[in-house]
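J.: sequence first, predicted coordinates after that:
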Amino acid sequence: MTTIPFFPYSDLFEKDRENLLGLIDSVCSKGAYIMQQELRDFEINLARFINAKYVYGVANGTDAIIIGLKAVRISQGDEVIIPSHTYIATAAAIHLVGSVPVLAECGSDHMLDVNDIEHRINSNTKAIMPVQINGRTCDMDKIQVLADKYNLLVLEDAAQGLGSKYKGRYAGTLGSFGTFSFYPAKLLGCFGDGGAIVTNDDELAGKISLLRDHGRDDSGDVVAWGYNSRLDNLQAAILDYKLKAYPMDIERRRYIASCYQRGLGDIKQLDLPPAPGSNDDYFDVYQNYELEADSRDDLRSFLEQNGIKTIIQWAGTPVHQFSQLGFSCELPLTDHFFKRCLMLPMNTSVSDEEIKYIIKKVRNFYEYS
Ligand SMILES: *Cc1c(COP(=O)(O)O)cnc(C)c1O
């Protein structure tokens, strides 16, 4: 029987085994493990790719947010507005620097609902942190208007947004700082944990560079308190290598999204994510293909029986439903969304044949010919 995994982890390596082994050999035989040339090269190349002034590789995408928050001095008692439709890491980073994550609704585009921000702003609010989820950016102009009106920072969790653009500007460069994750299943994945922080601000860049490496400056002097949160040189080498092919990966993901759009767009029981090219303000890179479906759980079982693995994002739990973490707010739009959302396979390994098969099975389920 056909089996289509949701994300084929071993393919990351197997697809390009020889070259990757050569790369690992060359880095390890030099003994270049921490803060070496490969990391500097990757930081420069990534900065060039997204048109940013500074990129710093860090240990993971969660640390990237923590370090960014520390650098902009978000601390005890401050509030930061984020969507509930995000990974727990966004909220955890805010909590772990002593401040309060304030959760807002999910909009019809699946992003932070820009109409649900203003009434959550009070005298403790310091920042809005849009999450560039599923490889798409939020409506950043509307968010910036609110930030200007109330003198707030805009900080981007762009863990899922590498390469996506809003009005021609790259995710990660749309606020004071932006963060990326290189977790294996992310758009640009390494063979373990990895992350980066991006900024165009000289002063912030200086702080970030100290914070990620024990507060040490270029001469090795300790001039501030810092973390040990560096992107491994070996992971940086792998990422720098994969970055060269990344524009092709983006094209492939956009192509797959256009196939899903063409194949499923007429099904009344589905709400698909915005199609590539459907709005000139957005360039989406489809970290995920997240749709909304009537009879979602039955559709999911039917696809499973036909060998197609799907996922409900965050294992089906948006942040505000984690009552053990003390959340008690009501977000009915987000609750409704989480009864209907489903992610179909979206990665650079899934073949054209497999996409056709997935479309056929979804059509069968809803009895569309
Ligand atoms: C993956 C992810 C993170 C965390 O990144 P890690 O590298 O796993 O620490 C944060 N926010 C979002 C939206 C993510 O998808």
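T.: Perfect, I can see it now.
J.: tally of neighbours for the residue lying closest to Asn228 once chain neighbours are set aside?
T.: The shortest distance from Asn228 to any non-neighbouring residue, by C-beta to C-beta, 6 or more residues apart in numbering, is to His214 (6.1 Å). For glycine as for every other residue, the C-beta is placed from the backbone atoms N, C-alpha and C. Per other C-beta atoms under 10 Å, the neighbour tally for His214 reads 15.
J.: which residue ranges of the stretch 1-150 of the chain form strands?
T.: Ranges of strands within the stretch 1-150 of the chain are 54-58, 79-83, 100-104, 125-128, based on DSSP state E, counting those that start in this stretch.
J.: same question, the stretch 151-300 of the chain
T.: 153-154, 156-157, 165-166, 169-170, 178-181, 195-199, 270-271, 282-283, 289-293.
J.: elements contacting the last one?
T.: So that's strand 289-293. helix 233-264, strand 270-271, helix 332-340, strand 341-344 (3 or more C-beta pairs under 8 Å, 6 or more residues apart in numbering; DSSP states H and E).
J.: recalculate using a threshold of 10 Å.
T.: For strand 289-293, the elements it packs on are helix 233-264, strand 270-271, helix 296-305, helix 332-340, strand 341-344, helix 352-365, judged by 3 or more C-beta pairs under 10 Å, 6 or more residues apart in numbering; DSSP states H and E.
J.: buried deepest among these, which one?
T.: Mean neighbours per residue, mean count of other C-beta atoms under 10 Å, is largest over these for strand 341-344, with a mean of 22.
J.: how far off centre is that strand?
T.: 16 Å (C-alpha atoms, centre = their mean, to the nearest Å).
J.: which neighbouring elements make contact with it?
T.: helix 233-264, strand 289-293, helix 296-305, helix 352-365.
J.: bridged to the closest residue to Glu156 other than its chain neighbours, which residues?
T.: Leaving aside its sequence neighbours, Glu156 sits nearest to Gly178 (C-beta to C-beta, 6+ apart; 3.9 Å). On the basis of DSSP bridges, Gly178 is bridged to Glu156, Val198.
J.: dump the residue contacts of Gly178.
T.: 50, 52, 55, 64-65, 68, 130, 132, 154-159, 161-162, 170-172, 196-200 (C-beta atoms under 10 Å, 6 or more residues apart in numbering).
J.: ok, and which of these reach the ligand?
T.: With C-beta under 6 Å from any ligand atom as the criterion, the contacts of Gly178 include 157, 159 near the ligand.
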